[in-house]
Every structure is written in C-alpha cells, then in structure tokens.
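Peer 1: task: produce atomic coordinates for the following.
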Amino acid sequence: MRLEVVQTEDGSHTLYVPELDENYHSVKGAIQESRHVFINAGFLNLDKPNIKIFEVGFGTGLNALLTYLEAQKNNINVTYHTIEKFPLDNKLLKKLNYIKILGRKSEDSFQKIHNSQWNINFKISDFFCLKKIKADLNLHDLSDGYDLIYFDAFAPDVQPEIWCENNFRKIKNAMNPNGILTTFSSKSSVRRTLENLGFEVEKLPGPPGKREIIRATVLKNN
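Peer 2: Here you go, the predicted structure:
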C-alpha cells in the first residue's frame with residue numbers, strides 16, 4: 001500500500017492512502033485532532049492514578065505519544081495496548097515531524113514507542129507500559145479491565161468491517177464500569193450501535209473541520 005506524507009493545517013504531518021482516498025488524521029490538523037478527540041475528550045476525563053487503554057489503530061503512534069506526554073505531566077500510570085494489522089515502515093515514520101512540533105522532550109519516548117517489539121509488554125518508562133499487537137481486531141480476543149478506548153480506525157465508510165457490532169460488543173465486554181470510548185466518528189450508525197449495546201452516548205463538539213465527535217460511557221457491563 002502506497003503512502004504519502006502530507007502536511008496538515010496545524011503544521012503536523014499525516015499519511016495519505018491514495019488507493020483508499022483516506023488520511024490517517026484530519027487534514028485540518030493531525031496533532032490538533034488527536035488531542036481534541038482522544039486526550040481532551042478521553043484521557044483527561046478519567047480522574048484515576050492508573051489507567052488502562054486499548055487503542056484501535058496504532059497507525060503513526062501519535063495517540064500513544066500524546067498520551068505518554070500527558071501521563072508524564074499529570075503523574076498517571078498507564079498501561080497502553082494498541083492493535084494494528086498493517087504496521088508502518090520505520091523509514092516512513094522517521095519522515096513525520098511530530099518531534100519538531102512537540103519538542104525534543106518527546107523524541108526519546110517516540111523512538112521507544114516505535115522501536116519496541118510487537119506482541120510483548122514493553123516498559124517505555126516507570127509509568128508507561130506499552131503492548132503493540134500486530135493482529136486483526138475482528139480475529140483478536142481482548143484482555144479486560146480497560147478504562148479507556150481510543151477507536152481510531154479508518155472511517156466507517158472505508159473500513160466498515162472494523163466498526164461492526166461484534167467488535168463494539170467485544171470491546172464493551174472488556175471495559176470497566178464507567179469506562180470511556182472516544183472516537184472521531186459521529187456517524188448515526190455508529191451511535192445507534194453503541195446505544196443498542198448499552199453505552200451512554202454523547203455527541204461532543206468536534207475539532208476544526210468536524211462538527212461532532214462521539215464519547216460513549218459504559219455504565220455497567222451487562
């Protein structure tokens with residue numbers, strides 16, 4: 001699959017997939033979108049000293065990096081699991097300008113995130129444990145005890161098999177009560193699926209270029 005590095009409107013890079021006509025992040029701002037959808041609407045809404053996260057779509061590692069930096073700033077211990085069927089080549093990742101924008105303080109952690117082996121637990125720091133899972137979500141059995149889900153697959157129209165009810169049910173069953181799922185999509189079919197599974201769904205204002213996003217909360221596992 002051919003990928004092109006594209007500069008978004010906040011100056012940060014994303015990747016464009018010509019055969020899908022799809023970007024890894026919003027062209028209105030990659031870092032801006034990730035912070036808005038996953039950090040502000042998700043991570044910073046959990047008042048806990050220890051947080052276990054599952055990310056659907058590791059991609060460029062931007063969500064993992066921003067989570068690491070927030071955890072460091074707020075003295076939060078994080079266990080971070082992320083799944084990706086098609087990991088990116090390190091040569092391509094080195095072209096991304098996240099370090100230039102976020103500062104040299106993020107360079108060591110970004111390198112560790114990407115240099116860590118797949119399918120094993122890797123300690124990025126004393127407070128951040130990472131496990132990158134090379135697998136297909138449709139075929140993968142989840143562990144449990146997740147407090148936060150970053151659902152960051154390609155859009156439902158592009159990758160509908162990932163946004164299916166079975167995957168959301170599997171994820172819900174792996175979440176703690178009061179756990180949060182956050183995603184950039186506000187598509188009505190996604191909202192209905194989550195509501196039918198027992199999530200409490202909120203539509204929140206989106207980042208620039210997007211009117212709304214979804215945050216869904218598990219009130220209890222049933």
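
Peer 1: give me the low-pLDDT residue ranges for this structure?
Peer 2: 220-222 (pLDDT under 70).

Peer 1: helices of that one, start to end?
Peer 2: Counting by DSSP state H, the chain has helices at residues 30-34, 62-74, 90-93, 98-102, 107-115, 165-173, 188-196.

Peer 1: residue closest to the middle of this structure?
Peer 2: By C-alpha atoms, centre = their mean, the chain has its centre lying nearest to Tyr150, at 3.9 Å.

Peer 1: report the beta-bridge partners for that one.
Peer 2: When bridges are called by DSSP bridges, Tyr150 pairs up with Glu55, Thr182.

Peer 1: surely it meets Gly59?
Peer 2: No - at 10.4 Å, Tyr150 and Gly59 do not qualify as touching, with contact defined as C-beta atoms under 8 Å. Glycine gets a C-beta too; all of them are placed from N, C-alpha and C.

Peer 1: so Asn138 sits against Ile162, correct?
Peer 2: Yes - in this structure, Asn138 is within contact of Ile162 by C-beta under 8 Å, at 7.3 Å.

Peer 1: next, work out how far apart the nearest residue to Pro156 once chain neighbours are set aside and Thr82 are.
Peer 2: Distances taken as C-beta to C-beta, 6 or more residues apart in numbering put Trp163 closest to Pro156, at 4.4 Å, once the chain neighbours are dropped. Trp163 sits 17 Å away from Thr82, going by C-beta to C-beta, to the nearest Å.

Peer 1: mind checking how far Asn138 is from Glu165?
Peer 2: 12 Å.

Peer 1: swap in Ile99?
Peer 2: Applying C-beta to C-beta to Ile99 and Glu165 gives a distance of 39 Å.

Peer 1: Glu22: how many residues sit nearby?
Peer 2: Close neighbours of Glu22, defined as other C-beta atoms under 10 Å, add up to 14.

Peer 1: if you could redo that for Val27, that was the one I meant.
Peer 2: For Val27, using other C-beta under 10 Å, the count is 15.

Peer 1: I'd assumed Glu9 was in contact with it.
Peer 2: Yes - if you go by C-beta under 8 Å, Val27 and Glu9 touch, sitting 6.7 Å apart.

Peer 1: thought Glu84 was touching Phe58?
Peer 2: Yes - taking contacts as C-beta under 8 Å, Glu84 lies within contact range of Phe58: 3.8 Å.

Peer 1: ok, the two, which is more surrounded?
Peer 2: Each of Glu84 and Phe58 has its neighbours counted (other C-beta under 10 Å); Phe58 has more, 27 against 20.

Peer 1: contacting residues for the more buried one?
Peer 2: Ala64, Thr82, Ile83, Glu84, Pro87, Lys132 (C-beta atoms under 8 Å, 6 or more residues apart in numbering).
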